[in-house]
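1. Build the 3D model from these lines:
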Amino acid sequence: MIGAVQLGVLAACVVVLVPMAMAGYHLSRNKMLFFSGALFITLAIGVHLTPYFPTVNDFVTTVSSVVVFENRRDSCLSHLHDVVWEVTPSPNFNPFNNNTVNYDKSWAWASSSAVSACGLQKLGRFDASDLLNGSWIVVVGDSQARLVALSLLSLVLDSGPLEMVNKDLFKRHSDYQIVVGEIGMGLDFIWAPYPVNFQSNPRALPPLFLQQKNMKSVREVKRK
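-> Here you go, the predicted model:
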């Protein structure tokens, strides 16, 4: 494909040579020298600048790549929730207290060719700690929302501290608060299964946002 600079050089040649051809032998020697010099300079500049400019082919390829990337991104978003769960009894399984805490749960994306082509990857502890560093997270809801809080904490905590979180977080009809000192992250869980519970809770969200003690403690831990 012809590049943009090559097209410019070709246009310059046409602009210079066509008047010369039309004028024929009526041009004087000085005019011939002028046009010859202008043509030489134009060609020299074009030759030296050509490697630094992308060709039309490269531009078309870039545009095509962007279109393909957009289509692929939309396609990958549709596969984001194509996951397979594996549920096994935990080592401390208690048959007399048969709830979700007694099971170890793991998931992975479905092993289909479409999902594999997207290259989806789980968020590792290092990446999660970097993203949540210095954050203050508030989770409001019923007992199912505790699982959201537990999932967030499982990204940044080891198995030992996470086991302690399990005991305190799943206390019946209770709120929970924790500060992960290593990354300066704070998390508040507010048990409010219904709007009336949320509005009557003294730690409801609007007053909670006005309280700066949690954020202050997080900032102090982060500075240390």
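2. Tell me the strands beside the helix or strand encompassing V139, with direction?
-> Assessed by DSSP states H and E, V139 sits inside strand 136-141. When pairing is defined by DSSP bridges, strand 136-141 lines up against strand 185-191 (parallel).
3. Next, the buried residues of the partner strand.
-> Across strand 185-191, burial judged by 16 or more other CB atoms under 10 Å covers 185-191. Where you see a C-beta, it was placed from the backbone N, CA and C, and this is true even at glycine.
4. Check what contacts the host helix or strand of A128 and list those residues.
-> Assigned by DSSP H and E, A128 belongs to helix 125-132. Among residues not part of helix 125-132, those counted as contacts by CB atoms under 8 Å, 6 or more residues apart in numbering are 123, 152, 155-156, 182-183, 185.
5. Give me the buried subset of those residues.
-> Listed as buried from those are 152, 156, 183, 185; burial here means 16+ other CB under 10 Å.
6. In those, find the pair that's most separated.
-> Spatial extent of these (CB to CB) is set by the pair L152 and I183 at 12.1 Å.
7. what's the weakest-modelled helix or strand in this protein?
-> helix 213-223 (a mean of 43; mean pLDDT, DSSP states H and E).
8. where exactly do the helices run in the protein?
-> 4-23, 29-49, 56-78, 113-118, 125-132, 143-154, 159-169, 195-200, 205-210, 213-223 (DSSP state H).
9. Least confident of those helices, on average?
-> Of all the helices of the chain, helix 213-223 carries the lowest average pLDDT, namely a mean of 43.
10. a markdown table for the contacts of helix 125-132, including distance to F170?
-> Below are these laid out as a markdown table (distance: CB to CB, whole Å):
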| residue | distance to F170 |
| --- | --- |
| L123 | 24 |
| L152 | 15 |
| L155 | 18 |
| V156 | 19 |
| E182 | 23 |
| I183 | 23 |
| M185 | 20 |
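11. quick one: which of those sit in strands?
-> Among these, the members found in strands (DSSP state E) are M185.
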